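Engineer: Sequence first, predicted model second:
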Amino acid sequence: MKAVAKITEVATIRVCEVATFYSMFKQTKVRNKGYNYYEEVTPVRAVEIVEMLRRREKLVSKLYKLPQLLLAHRLQATRLFIDARVKWVRDPILDTAVEKEKDLKPLCSLLHHILSSPSLSLPLSSASLLHLPSSATASAAASFFLKYPSIFTIFQPSPGLPLHVRLTPSALSLHRQESALHLSLPLRHSAASRLAKLLMLAGSSALPFHIIDKFRWDLGLPPNYVPDLLSDYPDYFNVRAVNDETTGKELLVLELVSWRDELAVSALQERMKDRDFNGKTGTRIRFSMDFPRGFDLEKRVKAWVDQWQDLPYISPYEDAFHLAPSGDQAEKWMVAVLHELLWLLLSKKTERDNLLCWGEYMGFGTRFKKVLAHHPGIFYISNKLKTQTVVLREAYRKDFLVEQHPLMGMRHRYIYLMSKAKKSQKQINLASRTIRKEANSSQKFAGCFNHEVHGEENGDASGPICVAELWIKGTEILLLSAQLKGEKRPRDSSLII
């Protein structure tokens with residue numbers, strides 16, 4: 001084996017690993033510790049050399065000599081990762097960070113739909129078509145609105161008309177502040193830069209709009225980003241139609257007008273410039289790793305991770321598809337791509353399906369899944385909210401973001417406003433059951449309300465719960481309990497929900 005290692009110019013241990021694989025393939029009994037090693041450069045040649053040594057033939061090296069001008073990482077094409085199972089361990093702190101934003105995305109989407117209407121309101125029956133959580137019917141949509149009474153108001157414009165939903169003054173004020181942020185010049189330029197970097201990560205500097213739309217919320221783009229944002233940056237973006245090879249249909253894509261070197265710098269490289277990452281300047285970039293309590297890597301996996309971290313860092317904006325797909329260096333580049341993609345997002349997290357869809361378009365196939373499974377210290381997969389969310393660990397300290405974007409501050413204000421509904425959850429559940437029972441008959445249900453149902457605000461969206469009477473089938477039914485002690489009843493007989 002030493003002779004083979006000398007000719008192939010690799011470590012002796014690697015030749016032994018290849019020979020072990022060869023013996024296993026020949027069904028020779030070889031002790032196996034439950035894991036395998038992968039070597040992608042020399043297996044065929046190593047087998048030939050082993051056979052020639054057994055026949056005592058003269059060896060002639062057939063190794064390809066790569067030009068010395070190539071970068072160092074282009075010589076790395078080996079695979080040393082052991083095929084050991086890396087267990088998944090729940091991280092309750094990051095799960096809390098994910099659960100904080102429950103219903104936030106559909107709620108903000110609904111806000112946009114309501115304010116897009118000329119009347120600044122929306123019929124309750126139309127809400128079931130907006131893909132809200134559990135909004136297949138009008139009654140289920142009503143339950144969603146009643147769940148957040150400090151955000152939404154259910155009212156009847158006039159007798160005989162169907163119920164409508166609109167925003168409370170506090171929610172309307174928050175939305176106006178958020179719109180002002182989207183219109184500010186620094187945040188517009190920041191959003192355009194993030195979108196440009198996303199296109200640059202794609203290699204071809206172009207992405208279909210259906211993939212960009214999956215990341216629109218996470219990137220912090222305005223709802224109508226095409227006319228509101230892209231039109232102001234003609235030197236950045238261009239829209240064109242291409243033919244989809246798989247379906248044969250015409251597809252709209254967004255592409256960069258020209259490559260921008262000033263943007264082709266990853267977040268880790270920026271930190272290296274500031275000498276704020278891994279000590280001295282000039283050291284090889286290592287990814288930050290953090291594991292939850294109770295998690296421990298196997299000894300042989302730890303050894304591989306240490307060697308893998310010492311490999312040269314390839315910029316995610318560099319084309320590295322020439323690397324062996326299953327090599328360690330290719331995997332480190334893919335980790336860099338995923339790391340940079342998550343870093344571009346405001347919350348440093350996104351749904352796993354979004355990443356896989358982007359990876360399929362890039363041609364990575366299932367390699368993204370393997371990268372996420374191999375590196376739980378860099379990426380965490382949360383199973384909360386009935387989906388899988390990939391979280392960048394180093395972006396969080398406990399359940400808070402290390403670097404918070406102004407738009408994330410606005411979203412946290414929405415979350416705070418949503419949380420105020422818990423104070424009157426019993427009354428909300430009672431109203432929800434009543435509306436769910438009667439909503440199947442829209443005419444009867446519309447006739448039940450002789451008064452407007454709205455929210456009476458006290459400046460902080462925490463208005464009291466007061467008495468309201470509904471006349472249903474000739475019988476007065478008390479929908480909500482009496483007003484809270486010490487609180488005055490509003491001037492009108494409206495129902496606050």
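Structural biologist: That came through, no problem.
Engineer: can we go C-alpha only for contacts and neighbour counts from here?
Structural biologist: Noted.
Engineer: wait, is L207 part of a strand?
Structural biologist: Yes: under DSSP: H, G, I helix; E, B strand; the rest coil, L207 sits within a strand.
Engineer: And for it, the neighbour number?
Structural biologist: Neighbour count for L207, taken as other CA atoms under 10 Å: 23.
Engineer: same thing with P234?
Structural biologist: Burial of P234, expressed as a neighbour count using other CA under 10 Å, amounts to 12.
Engineer: show me the contacts for it.
Structural biologist: If you count contacts by CA atoms under 8 Å, 6 or more residues apart in numbering, P234 has none.
Engineer: next one: E318
Structural biologist: Residues in contact with E318 (CA under 8 Å, 6+ apart) are G203.
Engineer: From F145, how far off is it?
Structural biologist: As judged by CA to CA, to the nearest Å, E318 and F145 stand 47 Å apart.
Engineer: would you list every one of the helices in the stretch 251-400 of the chain?
Structural biologist: 267-273, 299-309, 328-344, 352-362, 367-374 (DSSP state H, counting those that start in this stretch).
Engineer: Apologies, that question was intended for the stretch 101-250 of the chain.
Structural biologist: Along the stretch 101-250 of the chain, the segments classed as helices by DSSP H, counting those that start in this stretch run 104-116, 138-147, 169-183, 185-201, 209-212, 216-219, 225-228.
Engineer: Next, the angle from the second one to helix 104-116.
Structural biologist: Looking back up the chat, that one is helix 138-147. Interaxial angle, helix 138-147 versus helix 104-116 (axes from the mean of the first three to the mean of the last three CA atoms, to 10 degrees): 100 degrees.
Engineer: what ranges do the strands span in the chain?
Structural biologist: For the chain, the strands defined by DSSP state E occupy 121-123, 152-155, 164-167, 206-208, 237-243, 250-256, 349-351, 379-382, 389-392, 396-397, 400-401, 469-472, 475-478.
Engineer: I'd assumed R166 was in contact with L122.
Structural biologist: Yes: L122 sits in contact with R166 when judged by CA atoms under 8 Å, with a separation of 6.6 Å.
Engineer: Looking at those two, which is more packed in?
Structural biologist: Using other CA under 10 Å, the more surrounded residue of L122 and R166 is R166, with 24 against 21.
Engineer: I'd guessed the more buried one sits against Q156; true?
Structural biologist: No: the criterion here is CA under 8 Å, and R166 misses it with Q156 at 10.5 Å.
Engineer: okay, and for the stretch 1-150 of the chain, where does confidence drop off?
Structural biologist: 1, 4-11, 13-47, 53-54, 56-85, 128, 131-138 (pLDDT under 70).
Engineer: For A191, which non-adjacent residue is spatially closest?
Structural biologist: Spatial nearest neighbour of A191, chain neighbours left out: L221 (6.3 Å); criterion: CA to CA, 6 or more residues apart in numbering.
Engineer: thinking again about what came up before, mind listing the shared neighbours of L122 and R166?
Structural biologist: Counting by CA under 8 Å, 6+ apart, the residues touching both L122 and R166 are I114.
Engineer: quick revisit: can you tell me how far the residue nearest to A191 is from A180?
Structural biologist: To A180, L221 is 13 Å away according to CA to CA.
Engineer: How about H164?
Structural biologist: Counting by CA to CA, the gap from H164 to A180 is 27 Å.
Engineer: okay, these two: which has more neighbours?
Structural biologist: H164 (20 against 10).
Engineer: my read: A320 touches W333, true?
Structural biologist: Yes: with contacts counted by CA under 8 Å, A320 reaches W333, the gap being 7.4 Å.
Engineer: Please say which of the two ends up with more neighbours.
Structural biologist: Shown here are A320 and W333; by other CA under 10 Å, W333 has more neighbours (23 against 18).
Engineer: How many residues are close by the closest residue to the more buried one other than its chain neighbours?
Structural biologist: Of all residues not flanking W333 in the chain, I314 sits nearest, at 5.6 Å (CA to CA, 6+ apart). Counted with other CA under 10 Å, residues neighbouring I314 total 21.
Engineer: Contact partners for I314?
Structural biologist: I314 neighbours (CA under 8 Å, 6+ apart): 73, 320, 332-333, 336.
Engineer: quick one: which of these is nearest R271?
Structural biologist: Closest approach between the contacts of I314 and R271, by CA to CA: A336, at 13.9 Å.
Engineer: Do you know the pLDDT at that closest one?
Structural biologist: You'll see A336 listed with a pLDDT of 95.
Engineer: In this structure it contacts A320, no?
Structural biologist: No: here A336 does not reach A320: they are 11.2 Å apart, not a contact under CA under 8 Å.
Engineer: rewinding a little: quick one: closest of the helices of the stretch 101-250 of the chain to H375.
Structural biologist: Closest to H375 of the helices of the stretch 101-250 of the chain is helix 185-201 (CA to CA; 20.6 Å).
Engineer: returning to that earlier point: out of the strands of the chain, which gets nearest to E298?
Structural biologist: strand 379-382 (17.9 Å).
Engineer: tally of neighbours for K348?
Structural biologist: Quick note: K348 (other CA under 10 Å) scores 23 neighbours.
Engineer: Tell me which residues touch it, please.
Structural biologist: Contacts of K348 by CA under 8 Å, 6+ apart are 342, 391-392, 395.
Engineer: What distance do you get for it to A142?
Structural biologist: To A142, K348 is 32 Å away according to CA to CA.
Engineer: okay, the strands of the chain in JSON lines with distance to M410 next?
Structural biologist: Listed next are the strands of the chain as JSON lines, based on distance: least, CA to CA, whole Å:
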{"stretch": "strand 121-123", "distance to M410": "22"}
{"stretch": "strand 152-155", "distance to M410": "18"}
{"stretch": "strand 164-167", "distance to M410": "17"}
{"stretch": "strand 206-208", "distance to M410": "28"}
{"stretch": "strand 237-243", "distance to M410": "27"}
{"stretch": "strand 250-256", "distance to M410": "28"}
{"stretch": "strand 349-351", "distance to M410": "17"}
{"stretch": "strand 379-382", "distance to M410": "24"}
{"stretch": "strand 389-392", "distance to M410": "20"}
{"stretch": "strand 396-397", "distance to M410": "18"}
{"stretch": "strand 400-401", "distance to M410": "14"}
{"stretch": "strand 469-472", "distance to M410": "36"}
{"stretch": "strand 475-478", "distance to M410": "37"}
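Engineer: Nearest to K2, out of those?
Structural biologist: strand 379-382 (39.5 Å).
Engineer: partner strands of that closest one, parallel or antiparallel?
Structural biologist: Taking DSSP bridges as the criterion, strand 379-382 sits next to strand 389-392 (antiparallel) in its sheet.
Engineer: And the contacts of the strand it pairs with?
Structural biologist: The contact list for strand 389-392 (CA under 8 Å, 6+ apart) reads 94, 98, 339, 342-343, 348-352, 378-383.
Engineer: I'd like to know which of those are buried.
Structural biologist: In those, burial by neighbour count holds for 94, 98, 339, 342-343, 348-352, 378-382, counting by 16 or more other CA atoms under 10 Å.
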